[in-house]
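K.L.:
Sequence and predicted model, in that order:
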Amino acid sequence: GMPKKLLKQIFDPSAKTSRIGTQGEMGTGFGMPLIKKFVEAYGGKIEIVSFEKNDNNQESGTTITLYLPS
């Protein structure tokens, strides 16, 4: 999952959201702002729910849901 700070900034193209991935890969941090822009241009919306693994919560991960008009 993502830290709450990163989750709050995930769609902000001016925020530094890039970090090392689970297999050591690097990203630019521009992907999610672009996705949101394209989804909204098509009349849809995007939602992200993420839980970072910690001592109290062993369940972690991120779910991204796209809603597109039919």
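P.N.:
Done, it's in.
K.L.:
which stretches of the chain aren't confidently modelled?
P.N.:
Where the chain drops to pLDDT under 70, the residues are 28-29, 55, 57.
K.L.:
center of it, which residue is that?
P.N.:
Ranked by distance to the mean C-alpha position of the chain (CA atoms, centre = their mean), the top residue is residue 10 at 5.3 Å.
K.L.:
can you give me the strands for the chain?
P.N.:
Assigned by DSSP state E, the strands in the chain fall at 45-51, 61-67.
K.L.:
Out of these, which gets nearest to residue 15?
P.N.:
Minimum separation from residue 15 across the strands of the chain (CB to CB) falls at strand 45-51, 14.3 Å. Heads up, the C-betas are built off the backbone N, CA and C, glycines and all.
K.L.:
Quick one: work out the angle between that closest one and strand 61-67.
P.N.:
Angle, strand 45-51 to strand 61-67, by axes from the mean of the first three to the mean of the last three CA atoms, to 10 degrees: 170 degrees.
K.L.:
which parts of strand 45-51 are buried?
P.N.:
Using 16 or more other CB atoms under 10 Å as the test for burial, strand 45-51 gives 46, 50-51.
K.L.:
could you dump that strand to CSV, C-alpha only?
P.N.:
Extracted C-alpha coordinates of strand 45-51, given in CSV (Å, rounded to 0.1, in the frame of the first residue of the first chain):
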residue,chain,number,x,y,z
LYS,A,45,-13.8,9.0,-12.5
ILE,A,46,-11.0,7.2,-10.6
GLU,A,47,-10.9,6.1,-7.0
ILE,A,48,-7.9,4.8,-5.0
VAL,A,49,-8.1,3.0,-1.7
SER,A,50,-4.8,2.0,-0.2
PHE,A,51,-3.7,0.4,3.1
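K.L.:
Off-centre distance for it?
P.N.:
Distance of strand 45-51 from the chain centroid (CA atoms, centre = their mean, to the nearest Å) equals 7 Å.
K.L.:
Show me what it is packed up against.
P.N.:
In terms of contacts (3 or more CB pairs under 8 Å, 6 or more residues apart in numbering; DSSP states H and E), strand 45-51 is packed against helix 31-41, strand 61-67.
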